[in-house]
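J.: Any chance you can model this:
(chains A, B and C)
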Amino acid sequence: MKNGFSVFLAALVALGLSWCGFVLGSVKQLGTAKQESILNSSDTYPLQPTGNATLGLQVYRANGCAACHTEQVRQDGVVCDVVLTAAGKNPTVVSNLVSTLKLTGLTKDEADAASDKITDAGGKVEIQINATGVDIPRWGVRRSVAADYLYDNPVQLGSLRAGPDLANVGARFPDLNWQLVHLYAPQTVATNSAMPPFRFLFEVSKIGEAPSPDALKFPQGFAVPSGCEVVPLPEAKQLAAYLLSLKADAPLYEAPFTPVMTKP
Amino acid sequence: MNDEAKSNCPVGTGDEPKATGSTVPMWLFALMLTLLFLGGVYFDHHSGWFSAQVYSPYVSAEQLELYQPKSGAAAAAAQGKKVYETVCGICHGVDGMGKPAMAPPLAGSEWAIAGGFHRLAQIPLRGLNGPFQVEGKDWNLNMAPMGAALSDADLAAVLTYIRTSWGNKASAVSADDVKAIRAEAAGHPAITGAQLKDMPE
Amino acid sequence: MKPTETTDSSTSEIDASCRVPLLALFGGAALWLVVGLALSLAAIMTFHKPDLFADCPFLTYGRAQAAANDLLLYGFCIPAGLGVMLWIFARLSQAQLVLPLVPAVAANLWHLGVLIGTVAVLIGDSTGFAWLEFPRGSSVLLFAAFLLIAVSAVATFGARQKSELYPSHWFLLAALFWFPWIYSTANLFLTTHHPVRGVAQAAIDYWFANNLVFVWLALVGLGTAFYFLPKHAGRPLQSHYLALFAFWTLILFGTWCGIPQGAPLPAWMPAASAVAASLLIVPLIVIAVIACKTVCGANVSCKGGPFCYIKFGTAAFVLSALMLIAESCPRFSRVTEFTWFGPAQVQWQILGFFAIVMSGAIYEILPGVMGFALPFPKFVRVQHWLFMVGIVLWAGSLAVGGLEQGMRLDDPQGLFADSTHVALVFLRAGSTGLLFILLGSLLLAANIFAMTFRWKLALFKRMIAYIKSPLETGEVKS
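T.: Predicted structure coming up:
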């Protein structure tokens, strides 16, 4: 290149292209996102988090929890299962079909074909959509999508799993006391954990007239100095509230799956 | 500047480096173009073409649409809840507890959880004018035939939802059942409180 | 001016004009390198003994690691790179550094910004974005300081007499333009009062981190390598057009890498990054060809001196870029994503490639700039070995540990606890490597500080001598 100006132009073009793509593109596609409706329901997702959970995200950020934990679930594929819901008028024919046909781990076309065969014989079926991948059984029921982070500021996706993924930790460990005990002494509730204890988020104080309602209840075998109790400071409570709010289990258009219905 | 100042490096400090003029070999261009082509093919197959809704493992908007769960008990229950909340919940309450001077409760209502749904289904199809009792309390209001405009599937879903929510445990209602009852109820006026007691379940 | 008059400054004058700004930049850089590596070592101690900082919020792993990373990048890499850039521009222009006091003051502004940012991260005020943790006050200082230094660099570039550009010019000029754009974009979209909403933040952070840690360091490091390799080898750079091809392909493709394959972003973003990363093979091959053709066959042994540094650094760049390409390949990323392989690639880039190239350049530049030899010349060779062994141990262990961790994570029957357990083994083994690198950085700092001290002492003595000198007899009036 002949002069400084042409170098400037080259850099402008190269960086400008990726700026338009990843910066402008993501702002346009994702920066104006709104709540969306859960599949086959009138509910919207995500719900506005509570005040404590919002403050807890700031505690999470301040202590760099994203250095060891991720908050994103990946998905490798999607499979369909065909499930019989009613035997219909020809139960023997239908049950014959059910035992001979492959009904799990199908693609959509295969599932449609199998379901047609059964409905033609008079039975009623439901096609269930399931997410597959190594992350799914461990951390969540579907992949994480943009809607999961709508109210997060800053978004703490994380990039390293020195510790488990937290996208659904509120659904996997919904007990407040467990979360607090885990922050204070991780090795008591998670064996072989490499997580450092966060004792500076708590205060060990003498028990007053009556034990504090906030005091941590430890599992068997963990010794607290006698006459003392471990009380969470506000930051610990906020952080625990944030962790409990992390649930990404609603089926959405971008990440569809058939939820397992639990009775209310 | 003295000679010891030069570091342990054999190059004279006065010469600035130069570059030769040999050209770029053709195979490098060929490699780049091949990689560009292969990359383009990969992008075509995996990118969903800039759609904001296509996330991997889905590769296109059409495939994503195909995999939306459409039918089934879960979907019907969700549909029933949606329709209830839009059509019935305004008066009967989203929690089914009713509102005084607006509508009686459905939770625990003997009319809702009766063994048969024949009588219950006619209420939204024909309308109901009181007085009658629900759970020991008197109600004397007028209900328009709110279910007449609903499809068979939607009305069946709503009735199933009413019969299985808030602690109610009764049988489901299918779209075919609703179709038959609708045919029966066609042309009949609103039910009165006196008639309601005598109707078969 | 007559043509024969010295509009051409002599080499020693050019070097001397760089003295004050370079000392300011390199001195702070060396200090931050030592502090950053020490903080990194302290952070890794958490994996040896989790209880260590349980009561000390300032050194908890999340804060210490973030602060250490930013110290290495903003505290050492960028100032060292800018200092080397100023000197190379002055030398290539055959002109003295223009406005030398501006970068000298800006360097102090920069180091102040780094100090404020590091303290902020340690007390919990980090922004939460990877490689952008310094809060707003600090980032404003850094941005202003960079612009000031860029002014002097561009002015020095403009003072050149030969209009023809050397390949290092392109790389370094592009880097001068790159940083302000990516830094201001990242801060305006992410750390202001009204940041972008939702996961778009993550996309912009990925874009920024890649363009800073991979592209910017590559531009400055390669610009430096393409200047010093031909000089040391005693042969011209092979060749101008290959370097041009490498430059264009590096900036066109490299800037699109960085979005991880499993990210919660629409599929086109990870797909674009995967395609860009595969195309990165092309500039990588070209750079390897240029380096080999320039260096191999030249009958020069480097004897543990700066030439060894530059050679090793360039090879480390090829390795780190290969790791980046592998990480972006969808099949391989299933194993490497969320493991220590990613940090390993970053450590190769920052320490293995950039820190080593910069150390070699600093050792080459400083004696000429200061006007006297290195106070501890033997340290150069020792530091070279410490760095080489250290980075292989540290980043190599992280990489292997990451692969082991990833293979267990990718196995559906595998337990998560197994993956962390095996990674810990490699992490602990690798921390000795980090210790070696820290010792090496102490040697670099020793040389730079000793030179600074000797220069300041000489200045001080001259000042005292001037104050004490008797007045000229002619001035005494009776």
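
J.: and C:Asp51, how many residues sit next to it?
T.: Taking other CB atoms under 10 Å in any protein chain shown as the criterion, the count of residues near C:Asp51 is 12. Placement of C-beta: from N, CA and C, glycine included.

J.: neighbours around the residue nearest to C:Arg197 when sequence neighbours are not counted, how many?
T.: Spatially, and ignoring its direct neighbours in sequence, C:Arg197 is nearest to A:Gly31 (5.5 Å; CB to CB, 6 or more residues apart in numbering or on different chains). Counted with other CB under 10 Å, the neighbours of A:Gly31 add up to 21.

J.: cool, B:Ala112 as well?
T.: 22.

J.: Can you give me the pLDDT of it?
T.: Reported pLDDT at B:Ala112 in the predicted model: 89.

J.: With just CA atoms, put stretch C:123-141 into PDB.
T.: Extracted C-alpha coordinates of stretch C:123-141, given in PDB (Å, rounded to 0.1, in the frame of the first residue of the first chain):
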ATOM      1  CA  ILE C 123     -12.900  -4.000  45.500                       C
ATOM      2  CA  GLY C 124     -15.800  -5.400  43.500                       C
ATOM      3  CA  ASP C 125     -16.500  -2.600  41.100                       C
ATOM      4  CA  SER C 126     -15.700  -4.600  37.900                       C
ATOM      5  CA  THR C 127     -18.000  -4.100  34.900                       C
ATOM      6  CA  GLY C 128     -18.600  -7.900  34.600                       C
ATOM      7  CA  PHE C 129     -17.500  -8.100  31.000                       C
ATOM      8  CA  ALA C 130     -14.500 -10.300  30.000                       C
ATOM      9  CA  TRP C 131     -11.400  -8.200  29.200                       C
ATOM     10  CA  LEU C 132     -13.300  -5.000  29.900                       C
ATOM     11  CA  GLU C 133     -13.500  -5.200  33.600                       C
ATOM     12  CA  PHE C 134     -12.000  -1.700  34.300                       C
ATOM     13  CA  PRO C 135     -14.900   0.600  35.200                       C
ATOM     14  CA  ARG C 136     -15.800   3.800  33.300                       C
ATOM     15  CA  GLY C 137     -13.400   6.300  35.100                       C
ATOM     16  CA  SER C 138     -10.400   4.100  34.300                       C
ATOM     17  CA  SER C 139     -11.500   3.400  30.700                       C
ATOM     18  CA  VAL C 140     -11.800   7.100  30.000                       C
ATOM     19  CA  LEU C 141      -8.200   7.700  31.100                       C
END
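
J.: Next, the buried residues of that stretch.
T.: Buried residues in stretch C:123-141, counted by 16 or more other CB atoms under 10 Å in any protein chain shown: C:124-135, C:138-139, C:141.

J.: quick check, it touching chain A?
T.: Yes - Stretch C:123-141 lies within reach of chain A by CB under 8 Å from any CB of the partner chain, at C:Gly124, C:Asp125, C:Ser126, C:Thr127, C:Gly128, C:Phe129, C:Ala130.

J.: Could you list which of the buried residues of stretch C:123-141 belong to helices?
T.: C:Ser138, C:Ser139, C:Leu141 (DSSP state H).

J.: Show me what the strand or helix carrying C:Leu438 is packed up against.
T.: Here C:Leu438 sits within helix C:416-468, counting by DSSP states H and E. In terms of contacts (3 or more CB pairs under 8 Å, 6 or more residues apart in numbering or on different chains; DSSP states H and E), helix C:416-468 is packed against helix C:19-48, helix C:356-370, helix C:378-410.

J.: average pLDDT for the last one?
T.: Meaning helix C:378-410. 95.

J.: The spatially most central residue of chain B sits in which helix or strand?
T.: Note on chain B: the residue nearest the mean C-alpha position is B:Ala78, at 6.8 Å, using CA atoms, centre = their mean. Using DSSP H and E, the element containing B:Ala78 is helix B:73-83.

J.: any residues touching that helix, and which ones?
T.: For helix B:73-83, the external contacting residues (CB atoms under 8 Å, 6 or more residues apart in numbering or on different chains) are A:39-42, A:85, A:126, A:258-259, A:261, B:69, B:150, B:153-154, B:156-161, B:164-165.

J.: Now do the strands in the stretch 151-300 of chain C.
T.: For the stretch 151-300 of chain C, no strands are identified by DSSP state E, counting those that start in this stretch.

J.: Show me the shaky parts of it.
T.: Within the stretch 151-300 of chain C, no range satisfies pLDDT under 70.

J.: near chain B, which residues of it?
T.: Checking the stretch 151-300 of chain C against chain B by CB under 8 Å from any CB, the hits are C:166-168, C:226-228, C:230-232, C:234, C:236-243, C:245, C:249, C:261-262, C:264-268, C:270-272, C:274-276, C:278-279, C:281-282, C:285-286, C:300.

J.: ok, now with 7 Å
T.: C:166-167, C:227, C:230-232, C:234, C:236-243, C:245, C:249, C:266-268, C:270-272, C:274-275, C:278-279, C:281-282, C:286, C:300 (CB under 7 Å from any CB of the partner chain).

J.: Give me the helix or strand of chain B that scores worst on average pLDDT.
T.: Between all helices and strands in chain B, the lowest mean by mean pLDDT, DSSP states H and E belongs to helix B:73-83, at a mean of 74.

J.: Okay, now the unreliable bits of chain B?
T.: In the prediction, chain B carries residues with pLDDT under 70 at positions B:1-14, B:71-75.

J.: Likewise for the stretch 1-150 of chain A?
T.: Using pLDDT under 70, the stretch 1-150 of chain A drops low at A:41-42.

J.: cutoff 50 now
T.: Within the stretch 1-150 of chain A, no range satisfies pLDDT under 50.

J.: what about the longest helix in chain A?
T.: Chain A, longest helix under DSSP H: helix A:4-18.

J.: Pull the residues that contact that helix.
T.: A:1, C:157, C:169-170, C:173-174, C:177-178, C:181, C:207, C:248, C:251-252, C:255-256 (CB atoms under 7 Å, 6 or more residues apart in numbering or on different chains).
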